[in-house]
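Enquirer: here you go, sequence then predicted model.
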Amino acid sequence: MDTFVDLLNPIFAFGLPIAASIPLGIWMARALDVPEERAGKGIDKIPTSLVALFAGKTPEKMNWKRYAISLLWFNLVLFILSFLILLAQPFLPFNPDGKPALSGDLIYNTVCSFVTNTNLQHYSGEQHLSYFSQLAGVVWLQFVTPACGLAAMLATIRGLRGDDHLGDFYVDLFRSLIYLFLPCCLVVAIALAATGVPMTFAGSVKAAFPGMDEQTIARGPVAAEVAIKQLGTNGGGFFGPNSAHPFENPSPLSNMIEVCSIIVLPMASIVMLGIMLKARRHAVVIFGVMLSLVVAGAIVAIAFENRPNAAVAGLPVVAGPNLEGKEVRLGATASATWSAITTATSNGSVDAMHDSFNPLGGLVPMSLMMFNVAFSGIGAGFENMLVYIIVAVFLAGLMVGRTPEYLGKKVEAREVKYAMLALLIHPLLICAATAIFASTAWGKGTVANPGPHGFSEILYEFTSSAANNGSGFEGLSDNNVPWNVAAGIVLLLGRFPALILPLAIAGSLSKKQRVPTTSGTLRSDTPTFAGMLLGTVILVGALSFLPAVVLGPIADHVERPATQAKPTDSKTPDAKPDDSKTPDAKPDDSKTPDAKQADSTDSNAKSDDSNNTGEKYTNITLTGVNKS
């Protein structure tokens, strides 16, 4: 770590959103959980009027089944409309560069990705989508899909506190859009535009320099998309290199604004939970468990990324932080901090290439997505954590011989079955899909690296899809029919059961009578419960994913020193190590940026054609020198 200033980045990246989450959480509780006597009156008349206008209905008192059906029906409509918009791209307005339509399988994957709040991108935004497709086919999904997750959380909280009904899905949706996402995005978009992020509907521009070929420089309404991309835990970038691109993230100041925007609303939703349940100490416990996982991940990532790149081990170069695949204007510490925050949440945007991290540094974003409970998506984070809470109180009940209780309600067989089903779907999707692709040509023929790192690329892609994150270990040629279809299926199955099953748990608990608290009750607002919950998360995660992690990042870490210790020709400083890596060449494990990256105008980018969606770029910096 070069200077003390490096330490300020993670301090501010966690401190600022923690501070901002408290007033935001209070506002969310007041604006989104409106008492029945005030519903549809005063300022709340706006969302109820919009429900009547667009849905053609008056607000209902929905049970959990009706709420779940409304959520699924709305997302089906989103899927169909978005698919048609992308299919008709050549014939729609705001296409100054004449972008053609995407292939059918890529449209399917893209729509699955954005409908599930994942934003996994097997295409490059500035290269393949028109402005109309970006705004009408992508950005509006970036608003409504996090609002769907928040609506599911609101309904779940009402069930846990024992309300007679869970509210109306469409009213919750419009309240979230009007009173939370739109005003927050307006503030962040203006702040980003002030730092130099473009905001224009003009087409690409041509630039020519003496002795160089003419370049096409893409631009567009970038600030507006980046604001909701971060605040909505979406992650899908306007440009292929995502937030590593200087037009999306031009400076350390814009980097701080964006990384704080990623996590502030997931944090605020837990504050809202405590207020709505009138159980603030319980919310502090959940917040603390989630925060401890993210902070631990950030510390590990920062430690390993401030070590020299494993590719230059034993070579006559100056030792320093691993700057391969990172923007030198940001540095290793800021990039490692971002990687932990973006994968702890379901955001998935990147300001550095995770594929170029040292093996154990790259294990951090992968493991946080495997846990998928450290704040995660807006609303979806608590839904995921609720599953672990039910399992934790069940295990505690077994140990003391009592019927488990949560918030004064008995947890019985029905709730445990729902929780276990939700808990098993996530690792099943990841491990089964990884096994199929790692053992067939679908996967083996698309990785850029053999051995453990190639396995990690496949494992990371499906982990990111199942966790609805969207980042990637991009040495992967993933824009083809098998990958687009398989990832689309995992995206859908990773999203909707994780929202519906916790809703079913809350609906079941809402019908039960509260039982009195006794000396034998396991309170959910104590350090003991926090330790129990954290232990359950870590234990289940270790049992589910440890074998896959050992075959991937851990094996990659163990293997590298042995394969790179001896150059093939020790007499020359530029001698080539056994795995064909030189100090001036791009290591095999950093082939492409995140799947959200492609044809870029970044002058620091290095082309790579490992993905057939077009040339991809990443920044190669070894020992502090930018290799372009």
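Expert: Good, I have the coordinates. Numbers count the residues shown, from 1 in each chain.
Enquirer: poorly predicted segments of this protein, please.
Expert: Scanning the chain for pLDDT under 70 picks out the ranges 1-3, 318, 561-628.
Enquirer: how about the secondary structure of Ser524?
Expert: Recorded secondary structure, Ser524: coil (DSSP: H, G, I helix; E, B strand; the rest coil).
Enquirer: got a list of what it touches?
Expert: 279, 282, 285, 389, 393, 406-407 (Cβ atoms under 8 Å, 6 or more residues apart in numbering). (Glycine included, C-beta is placed from N, CA and C.)
Enquirer: that one and Asp172: what is the separation?
Expert: As judged by Cβ to Cβ, to the nearest Å, Ser524 and Asp172 stand 25 Å apart.
Enquirer: just the contacts of Ser524 now: which is nearest Lys61?
Expert: Leu407 (21.6 Å; Cβ to Cβ).
Enquirer: do I have it right that the closest one meets Lys278?
Expert: No - taking contacts as Cβ atoms under 8 Å, Leu407 lies outside contact range of Lys278: 10.2 Å.
Enquirer: number of nearby residues for Val77?
Expert: Neighbour count for Val77, taken as other Cβ atoms under 10 Å: 10.
Enquirer: give the contact list for it.
Expert: Applying Cβ under 8 Å, 6+ apart, no residues qualify as near Val77.
Enquirer: for Gly408, same thing?
Expert: The contact partners of Gly408, by Cβ under 8 Å, 6+ apart, come to 514-515, 517.
Enquirer: give me phi/psi at it?
Expert: phi 80, psi 10 (degrees, to the nearest 10).
Enquirer: all further residue positions should be reported with the first residue as 20.
Expert: Yep, numbering from 20; the last one is Gly427 now.
Enquirer: any idea how far it is from Val435?
Expert: From Gly427 over to Val435 (counting by Cβ to Cβ), the distance is 17 Å.
Enquirer: also Pro501?
Expert: Distance from Pro501 to Val435, by Cβ to Cβ: 36 Å.
Enquirer: how about Asp183?
Expert: Separation of Asp183 from Val435 (Cβ to Cβ): 25 Å.
Enquirer: where exactly do the helices run in the stretch 320-469 of the chain?
Expert: 350-363, 378-390, 399-419, 432-457, 460-463 (DSSP state H, counting those that start in this stretch).
Enquirer: number of nearby residues for Val383?
Expert: 27.
Enquirer: tell me the contacts of the closest residue to it other than its chain neighbours?
Expert: Among residues not flanking Val383 along the chain, Ala320 sits closest, at 4.2 Å (Cβ to Cβ, 6 or more residues apart in numbering). Contacts here follow Cβ under 8 Å, 6+ apart; on that basis Ala320 touches 355-356, 358-359, 376, 380, 383-384.
Enquirer: for the residues you listed, which two are the farthest from each other?
Expert: Thr356 and Phe376 (12.6 Å).
Enquirer: give me the helices and strands touching the helix or strand where Val163 lies, please.
Expert: Here Val163 is covered by helix 159-179, with elements defined by DSSP states H and E. Secondary-structure packing of helix 159-179 (3 or more Cβ pairs under 8 Å, 6 or more residues apart in numbering; DSSP states H and E): helix 83-106, helix 123-134, helix 188-195, helix 241-250, helix 271-296, helix 399-419, helix 500-529.
Enquirer: just so I know, which of those helices lies nearest Leu72?
Expert: helix 188-195 (9.9 Å).
Enquirer: who touches that closest one?
Expert: Contacts of helix 188-195 (Cβ under 8 Å, 6+ apart): 50-51, 53, 58, 63, 65-67, 69-70, 74, 76, 78, 81, 86, 89-90, 93, 163, 165-167, 169-170, 173-174.
Enquirer: next, the angle helix 83-106 makes with it.
Expert: For helix 188-195 against helix 83-106, the angle by axes from the mean of the first three to the mean of the last three Cα atoms, to 10 degrees is 60 degrees.
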